[in-house]
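Undergrad: could you work out the structure for the sequence below:
(chains A, B and C)
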Amino acid sequence: MLAAHWPTTSEALQALQDELSRLQPPPWRPAGDYRVGAVFVCGPRGSAGAGSAGQPGWAAAVSGRAWAALAGGLGAAYEPGLLALREGELLERAVRALPEAPDVLLVDATGRDHPRRAGLALHLGWALDLPTVGVTRRLLYDGEGVWRTPSGLWIHAAWRTDVETAQEVVSSVSGRVRTPAPLREARRLARSARSYSDSMPNPAPG
DNA sequence: GCGACAG
DNA sequence: ATCTTGTCGC
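TA: Modelled structure (predicted):
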């Protein structure tokens, strides 16, 4: 139910975030051969700042060797604490387009480090019923539930994950480069989808 | 009034 | 987020 997962007003989102922060889903722990996926969304090339409601967007998700990419619409303009209004639905659709879900999903967003303790990484995990880990360049609120990688990224406990699990998951897919491999791949695919759209003729009106 | 503020 | 520019290290 996409609509119920992603409110379209800040009041409704804040109310949902308050509810999500109180949930206590069973913790997930890495075991055996587990698959780390990732999802990424980007806006139009050349756009900067907070953007605006209704801009086009592109999202891609990866899980092992499988991937999916799609074009869609971004929601509201970006506002700190309300990123779900802008990116939530597109992220969910990209992950659902995968032929098989990963065991745990990396998301470019925070988890407990949020004014209402329910950042987009946590929210998306709830919406997808999938354990998630947040990965960001900067903190949002107060650094609750985060671990800092040697390369300076912030790793966030999110849906069904604590800081230790988040660290273990990210470390298992991190190599020489700063960004964890699945996230790099999802980012590459989303931007590739954007380039493809840019190369296509405009759709006929009507 | 100013800057800061996940992406 | 995205783009540009510059700098450092391999």
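Undergrad: going by C-alpha atoms from here, please, whenever you check contacts or count neighbours.
TA: Fine.
Undergrad: which positions in chain A make contact with DNA strand B?
TA: Neighbours of DNA strand B within chain A, by CA under 7 Å from any atom of the strand: A:40-42, A:48-51, A:77-84, A:108-111, A:114, A:118-121, A:135-140.
Undergrad: which stretches of chain A form helices?
TA: Remark: helices assigned in chain A by DSSP state H are A:2-5, A:10-22, A:83-96, A:120-128, A:163-172, A:181-199.
Undergrad: can you give me the end-to-end distance of stretch A:4-14?
TA: By CA to CA, to the nearest Å, the extent of stretch A:4-14 from end to end equals 14 Å.
Undergrad: count of neighbours near the closest residue to A:Arg117 other than its chain neighbours?
TA: Nearest in space to A:Arg117, with sequence neighbours left out and distances taken as CA to CA, 6 or more residues apart in numbering, is A:Ser21 at 5.5 Å. As a burial measure, A:Ser21 scores 18 neighbours (other CA atoms under 10 Å).
Undergrad: equivalent analysis for A:Leu122, please.
TA: 29.
Undergrad: point out where chain A drops to low pLDDT.
TA: Low-confidence segments of chain A (pLDDT under 70): A:1, A:201-206.
Undergrad: close to DNA strand C: what parts of it are there?
TA: Going by CA under 7 Å from any atom of the strand, the residues of chain A near DNA strand C are A:41-50, A:108, A:191.
Undergrad: kindly reformat those as JSON lines containing distance to A:Arg148.
TA: Shown next, in JSON lines, are these (distance: CA to CA, whole Å):
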{"residue": "A:Val41", "distance to A:Arg148": "23"}
{"residue": "A:Cys42", "distance to A:Arg148": "24"}
{"residue": "A:Gly43", "distance to A:Arg148": "27"}
{"residue": "A:Pro44", "distance to A:Arg148": "30"}
{"residue": "A:Arg45", "distance to A:Arg148": "30"}
{"residue": "A:Gly46", "distance to A:Arg148": "30"}
{"residue": "A:Ser47", "distance to A:Arg148": "29"}
{"residue": "A:Ala48", "distance to A:Arg148": "27"}
{"residue": "A:Gly49", "distance to A:Arg148": "26"}
{"residue": "A:Ala50", "distance to A:Arg148": "26"}
{"residue": "A:Asp108", "distance to A:Arg148": "15"}
{"residue": "A:Arg191", "distance to A:Arg148": "27"}
